[in-house]
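**Student:** After the sequence you'll find the predicted model.
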Amino acid sequence: MIKWQDAIREARLLIGTPYAQLDCINLIKKVIRVAPGGVPGYTTAGTNTLWDSFNASPKYRDLTWRQEGIAGARAGMLAFKRYGADDEGHVGIVTDDGTVIHASSEYGETVETKLSETDG
């Protein structure tokens, strides 16, 4: 199991990586692959698959935040931004500072922003 501290540490090492090299889902894949306790060959088709894997992969339940809004977010959880009724269009990692690390197309790189400001 990946500890939240390790997930955040690995994600912070990727801040500044250009979006063209690392989009939001690939940021999560990279963290899951390289963090201590992770799975080097971990793959997923996208944010919807990762969201749905909550029940199929209990190993990652402590890393998944499946609530609407920002209430209940804890450090190390994945924060999903929903763009439609069935589409989890963006994902990032919640930190212990009340921020989220995510690869942002808007900023053009991996950034750390307030959880309430997270956007694609």
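**Tutor:** Looks like it arrived, so ask away.
**Student:** can you give me the strands for the protein?
**Tutor:** Per DSSP state E, the chain carries strands over the ranges 64-65, 78-84, 87-94, 99-104, 109-114.
**Student:** Of the ones you listed, which is nearest N26?
**Tutor:** Among these, strand 99-104 comes nearest to N26, with 7.2 Å by Cβ to Cβ. All C-beta atoms are positioned from the backbone trio N, CA, C, and that covers glycine.
**Student:** Can you give the contact residues for that closest one?
**Tutor:** Residues outside strand 99-104 that contact it (Cβ atoms under 8 Å, 6 or more residues apart in numbering): 8, 11-12, 14-15, 17, 19, 22-24, 26-27, 79, 90-95, 109-115, 118-120.
**Student:** what lines up beside it in the sheet?
**Tutor:** Strand 99-104 has the following strand partners under DSSP bridges: strand 87-94 (antiparallel), strand 109-114 (antiparallel).
**Student:** Please identify which of the ones you listed is closest to V39.
**Tutor:** Comparing the strands paired with strand 99-104 by Cβ to Cβ, strand 87-94 comes nearest, at 16.1 Å.
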